[in-house]
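A.B. asks: coordinates only, sequence not included:
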Ligand SMILES: [Zn+2]
């Protein structure tokens, strides 16, 4: 495979994390949610470390996941480049203003796959506009130029990785719940419904969704990202290509 073929292939697929990273992440979240329910989380507590390889340096790294529980932090989650740590704001995970109060495990899983992508991704250069936008988020403000944030290459890669894992989790969760509580038939119907929602999104012009058509549920947390992507024709085209490949993958992965 030559370099341009490699680039084409890379652009047609979502960036994926090693299965080994995902297993470590699942174990950390299992323990975290038990301790969260027992109210055993303290400020600056390291809830786990992910051991992996940094693709740039080929060196082994440990990504610490740390909880901030101090009532002054305004961020939700972020990756600190200088120390290689991921911070989670406890009061975002456990928020009085949300119903239910505790953020779902699958949602936090998605957010952490995003932050872990930042920790291992190749491209870390960022524009000035992006730095300004990131600071707005850390301060808990609204983004004044969402596309400066979402369409920045390294941010987009992490956003799309999180989105891909959100879609995958939706299929995984449906399979587990339907087979456990209902029947194989119920799972097959839901699988068809999910695949159809994805296919229909790929084939339909996005303007329909902008004009009131309901987004598939797994895209709901990403409406700002989708709107920003849509402002750039080239990025939108590549995004649709990634989704098409994901659709084929899901169809195979969930054959029965
Ligand atoms: Zn990010």
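C.D. replies: Okay, I see it. These figures come from a predicted structure and were not determined experimentally. Numbers count the residues shown, from 1 in each chain.

A.B. asks: rest of the way, CA atoms for contacts and neighbours
C.D. replies: Noted.

A.B. asks: domain-wise, how is this protein divided?
C.D. replies: Per automatic domain parsing, the domain ranges recorded for the chain read 15-122, 146-253.

A.B. asks: got these as a markdown table, with distance to residue 134, mean neighbour count and mean pLDDT columns?
C.D. replies: Formatted as a markdown table, these follow (distance: least, CA to CA, whole Å; neighbours: other CA atoms under 10 Å; pLDDT from 0 to 100):
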| stretch | distance to residue 134 | mean neighbour count | mean pLDDT |
| --- | --- | --- | --- |
| domain 15-122 | 10 | 16 | 94 |
| domain 146-253 | 7 | 16 | 96 |
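
A.B. asks: export those to TSV and tack on distance to residue 136?
C.D. replies: Rendered in TSV, the data for those read as follows (distance: least, CA to CA, whole Å):
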stretch	distance to residue 136
domain 15-122	9
domain 146-253	10
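
A.B. asks: and the strands in the protein, which stretches?
C.D. replies: Secondary structure of the chain (DSSP state E): strands at 46-53, 60-68, 77-80, 85-89.

A.B. asks: parallel or antiparallel, list what pairs with the shortest one.
C.D. replies: Strand pairing for strand 77-80, determined by DSSP bridges: strand 85-89 (antiparallel).

A.B. asks: list the contacts of residue 183.
C.D. replies: Contacts for residue 183 (CA atoms under 8 Å, 6 or more residues apart in numbering) come out as none.

A.B. asks: next one: it from residue 171, what distance?
C.D. replies: Here the criterion is CA to CA, to the nearest Å. By it, residue 183 lies 15 Å from residue 171.

A.B. asks: quick one on the thing from earlier: minimum distance to residue 140: which of the domains of the chain has it?
C.D. replies: Residue 140 lies closest, by CA to CA, to one member of these: domain 15-122, at 5.0 Å.

A.B. asks: gap between the two ends of that closest one?
C.D. replies: In domain 15-122, first residue to last residue: 11 Å (CA to CA).

A.B. asks: also stretch 71-86?
C.D. replies: 18 Å.

A.B. asks: pull the contacting residues for residue 115.
C.D. replies: Taking CA under 8 Å, 6+ apart, we find residue 115 in contact with 77-79, 86, 158.

A.B. asks: among those, which one sits closest to residue 114?
C.D. replies: Of all the contacts of residue 115, residue 158 has the smallest distance to residue 114: 4.8 Å, by CA to CA.

A.B. asks: correct me if wrong: the closest one contacts residue 118.
C.D. replies: Yes. Look at residue 158 against residue 118 with CA atoms under 8 Å: they come within range, at 6.2 Å.

A.B. asks: I'd say residue 152 and residue 130 touch.
C.D. replies: Yes. Counting by CA under 8 Å, residue 152 does reach residue 130; the two are 6.7 Å apart.

A.B. asks: pull the contacting residues for the residue nearest the centre of the chain.
C.D. replies: The chain has residue 162 as the residue nearest its centroid, 1.6 Å off, counting by CA atoms, centre = their mean. Neighbouring residues of residue 162 by CA under 8 Å, 6+ apart: 110-114.

A.B. asks: can we see that at 6 Å?
C.D. replies: Counting by CA atoms under 6 Å, 6 or more residues apart in numbering, residue 162 makes contact with 110, 113-114.

A.B. asks: dump those residues to a markdown table, plus distance to residue 227.
C.D. replies: Below are those laid out as a markdown table (distance: CA to CA, whole Å):
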| residue | distance to residue 227 |
| --- | --- |
| 110 | 19 |
| 113 | 22 |
| 114 | 19 |
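
A.B. asks: out of those residues, who's nearest residue 229?
C.D. replies: For those, the closest approach to residue 229 (CA to CA) belongs to residue 114, at 16.9 Å.
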